[in-house]
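Visitor: build me a model:
(one chain, ligands or ions: 1)
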Amino acid sequence: MRIAIYPGSFDPLTNGHLDIIQRAAKIFDRVVVAVVKNDSKSPLFSMAERQHLVGRCVEHISNVEVDCFSGLLVNYVERRGTDIIIRGLRAVSDFEFEFQMALMNRKLNERVETIFMMPKDTYTFLSSGLVKEIARLGGDVTPFVPPPVREALDAVFSSTLPQSTV
Ligand code: PNS
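Guide: Residues are numbered from 1 along each chain as shown. A predicted model of the protein is given here:
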């Protein structure tokens, strides 16, 4: 049974993340989407909210589960009884950081392999950060995120839309 861990902040999950999950689910027996509890960042959505949202967006894929973790990723991967990490690569600009992280994870645990997957080319510009900014400024994020995420963003920002001063 080949289990792959797809870790990330998922604050929030975008269609690009979902595309990677769907591709990984075709290759591996089981894909665990692992939402990180990152205290250093201040996420828009709590870990429980991010986990819940990812869960709603992947409920149609039978071999995908959602979990959360804190601490070192390599320790979590080991606890889950696997050695495979999936990361998405959108563009060359992602490469340097991802390369560094993959090699550091290998240094921490030489059994761990990081596998990079490319999302559909139409998602190469997409990021959770941009999606949040667009939603905060009242833009339409429908093309960029699954419906449960759009609803959650609407709920957060609908009462705080910037008022025009003109
Ligand atoms: O979605 P993100 O924010 O790009 O995901 C980054 C993530 C969660 C994969 C990375 O921050 C991580 O692995 N965090 C866990 C702590 C850890 O293991 N740090 C050392 C990485 S070499």
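Visitor: so where is the chain shaky, pLDDT-wise?
Guide: Across the chain, the ranges flagged by pLDDT under 70 are 39, 160-166.
Visitor: how far out from the middle of the chain is the helix ranked longest in it?
Guide: In terms of residue count, the longest helix belonging to the chain (DSSP state H) is helix 92-108. Centroid separation between helix 92-108 and its chain, computed with C-alpha atoms, centre = their mean, to the nearest Å, is 16 Å.
Visitor: same deal with stretch 79-94?
Guide: With C-alpha atoms, centre = their mean as the basis, the mean position of stretch 79-94 lies at 10 Å from the chain mean.
Visitor: what's the longest helix of the chain in contact with?
Guide: By C-beta atoms under 8 Å, 6 or more residues apart in numbering, the surrounding residues in contact with helix 92-108 are 72-74, 85, 87-89, 112-114, 116. Glycine gets a C-beta too; all of them are placed from N, C-alpha and C.
Visitor: any idea which of the residues you listed is closest to Ile5?
Guide: Nearest to Ile5, judged by C-beta to C-beta, of the contacts of helix 92-108 is Ile85 at 5.4 Å.
Visitor: got the residues of the chain near the ligand?
Guide: Within the chain, the positions adjacent to the ligand are 7-9, 36, 72-73, 101, 104-105 by C-beta under 6 Å from any ligand atom.
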